[in-house]
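Undergrad: mind folding the following:
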Amino acid sequence: MFIFTFMIVAFLVGYTVIALEHPLKINKTATALLLGVVLWTCAVIGGEGILVDATPLHEYLSKHADGTFTDWLVHSELLHALGEVSEILFFLIGAMSIVEIVDTHGGFRIITDKIVTTKKTKLLWIISLITFFMSAVLDNLTTSIVMVALLRKLIGNQHDRWTFASMVIIAANAGGAWSPIGDVTTIMLWIAGDVTSFNIILMTLVPSLFAMLVPLVILSLMLKGDVERPTENLKHMDAAFVTTRRHRLGFLIVGVGGLICVPIFKTLTHLPPYMGMMGALGVLWMMSEIVHRHDDEIVKEKYSILSIITRIDLPSILFFLGILLAVNALKTVGHLSLLANGLDAIPMGEPGKYYVINIIIGFLSSIIDNVPLVAGAMGMYDFPTDHYFWEFLAYCAGTGGSILIIGSAAGVAVMGLERIDFIWYLKRISWLAIAGYLAGALVFIGQKAIVKSVSPKEPQAQTVSMGDPSPSTSDTYQVTELN
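TA: Sure, this is the predicted structure:
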């Protein structure tokens, strides 16, 4: 029991150290990696007695006569967790590499040259709306990486760029929540058959739009003046390194087109998204080799993919590794299942109870990875397809991560790329994200009240055990996408 409690304390302490990265002057990546190792070490030391549900262990031992608890934990659970995390890491590496290749060849200049306004308010609306709808087609992680690359071409002042990048996080998470392919939690519910494509768009588009518009309007009223454009170095650059417009347009089309094709590739082949991302990177890499095959060695070195890849933010990737392994340790031992069951004990009738549960899940998703939270909810309930619980879960889990900067994959990526301070985001942006999140939730509840008044009563819930091998549960844990 001591180790079980210690794991919770260690996670909270580690989370606090990450939040206080700048005052403590301890890099968040180091803390996340250490936290992941500490929690899995605690799981090994605790043994079988630490598990909330030992059923998976017993199933493993029944198939492996000579197996032990450590064998199960290391060769089954840890390897499975590492596999899930690696899918995210390779996806992130591929997306960052593609963005760097396009940026190095000047591809984003095609877009930034069209955005001529320097008014902060007008530019903020343009960036936010582009992010919102792009995130529904791509995913919130890829969209945030692309938009940060654009912001670097449009805004020179770092703190101004932090404000715009923070709005990108909110817009990307909101845009991904209403699309069946935009956010991992919506993807999980869609693949498991809990929601249908048309209905999830119909019921969550407007709430998600409010989740973006409320902070956008408030922030617009606070911003004054013009942005400072970054200084162009093209005039001082060697002519050999200035790409032609044809090359810039070609790399932009192939790069962004490759990103857009990733969800299409997944739908057609049923292979995980990182495979499509690696394929898109391979195409762009080959294109670069062909374009520069006749250039001299200096130019080839400048545009070499091996050189470009070194500019990827490796600490951010390692931060993902550490924090996701830490969360998986809590999931394996059973902390998250206890949390899910605790939420179900809320003394309130339907539908208010399930609205409250989902709103709490949204707030928790800003602290804990939303994938295991949604997985727990899918394993607990047996609602019919397109029930309001699933619809609201998609909205809350998708947009709630914006409340803290490390609450979503998009936030973590932007935090790493722009070195945004956790406390700065907490003071200036979190309250805006909360206002948008709650506004969207109220819009959803009001929307459902109107629909319910003109439609038949929805079936009641059936609560199932977290250990039950229900179809929705098994489907859930096979889905390993981005946060």
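
Undergrad: in this structure, where is pLDDT below threshold?
TA: Scanning the chain with the threshold set as pLDDT under 70 gives 181, 188, 191-192, 232-243, 348-349, 369, 371-373, 375-376, 379-380, 454-483.

Undergrad: need the strands for it, in chain order.
TA: Using DSSP state E, no strands are found in the chain.

Undergrad: identify the residue nearest the geometric centre of it.
TA: residue 409 (2.8 Å; CA atoms, centre = their mean).

Undergrad: surely that residue touches residue 143?
TA: No: proximity of residue 409 to residue 143 does not meet the contact threshold set by CB atoms under 8 Å, at 10.5 Å. Just so you know, the C-beta spots here come from the backbone N, C-alpha and C atoms, and that holds for glycine as well.

Undergrad: residue 212 touches residue 128, doesn't it?
TA: Yes: if you go by CB under 8 Å, residue 212 and residue 128 touch, sitting 6.3 Å apart.

Undergrad: who's more crowded, those two?
TA: Between residue 212 and residue 128, counting by other CB atoms under 10 Å, residue 212 is the more crowded of the two (28 against 25).

Undergrad: excluding chain neighbours, what is closest to that one?
TA: With CB to CB, 6 or more residues apart in numbering as the criterion, residue 212 has its nearest non-adjacent residue at 4.2 Å, and that residue is residue 174.

Undergrad: roughly how far apart are the one you found and residue 309?
TA: When distance is defined by CB to CB, to the nearest Å, residue 174 is 31 Å away from residue 309.

Undergrad: for residue 9, same thing?
TA: With the distance defined as CB to CB, residue 9 ends up 39 Å from residue 309.

Undergrad: with neighbour numbers in mind, choose between the two.
TA: residue 309 (16 against 9).

Undergrad: what about the closest residue to residue 287 other than its chain neighbours, how many neighbours?
TA: The shortest distance from residue 287 to any non-neighbouring residue, by CB to CB, 6+ apart, is to residue 254 (5.8 Å). Each residue near residue 254 was counted by other CB under 10 Å, and the total is 20.

Undergrad: you'd agree residue 254 is up against residue 281?
TA: No: with contact defined as CB under 8 Å, residue 254 does not count as touching residue 281 (10.8 Å).

Undergrad: what residues sit buried inside stretch 14-34?
TA: Neighbour-count burial for stretch 14-34, counted by 16 or more other CB atoms under 10 Å, picks out 14-15, 17-21, 28-34.

Undergrad: now stretch 330-346
TA: Buried residues in stretch 330-346, counting neighbours by 16+ other CB under 10 Å, are found at 330-341, 343-344.

Undergrad: output the residues you listed in a markdown table, with distance to residue 119 appended to each entry.
TA: Formatted as a markdown table, the buried residues of stretch 330-346 follow (distance: CB to CB, whole Å):
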| residue | distance to residue 119 |
| --- | --- |
| 330 | 46 |
| 331 | 46 |
| 332 | 50 |
| 333 | 52 |
| 334 | 52 |
| 335 | 48 |
| 336 | 45 |
| 337 | 50 |
| 338 | 50 |
| 339 | 45 |
| 340 | 46 |
| 341 | 51 |
| 343 | 44 |
| 344 | 49 |
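
Undergrad: which among those residues gets closest to residue 75?
TA: Residue 75 lies nearest to residue 332 out of the buried residues of stretch 330-346, by CB to CB, at 13.0 Å.

Undergrad: what sits against the closest one?
TA: 43, 73, 77, 81 (CB atoms under 8 Å, 6 or more residues apart in numbering).

Undergrad: just among the residues you listed, which is most surrounded?
TA: In terms of neighbour count, residue 43 stands highest of those at 25 neighbours, by other CB under 10 Å.

Undergrad: how close does that residue get to residue 275?
TA: 30 Å.

Undergrad: circling back to that earlier point, identify the residues contacting the residue nearest to residue 287.
TA: Counting by CB under 8 Å, 6+ apart, residue 254 has contacts 283, 284, 287.

Undergrad: where's it relative to residue 109, distance?
TA: For residue 254 relative to residue 109 (CB to CB), the value is 15 Å.

Undergrad: could you pull out the helices for the stretch 301-450 of the chain?
TA: Assigned by DSSP state H, counting those that start in this stretch, the helices in the stretch 301-450 of the chain fall at 305-309, 314-333, 335-344, 352-364, 370-380, 388-399, 409-418, 422-428, 430-453.
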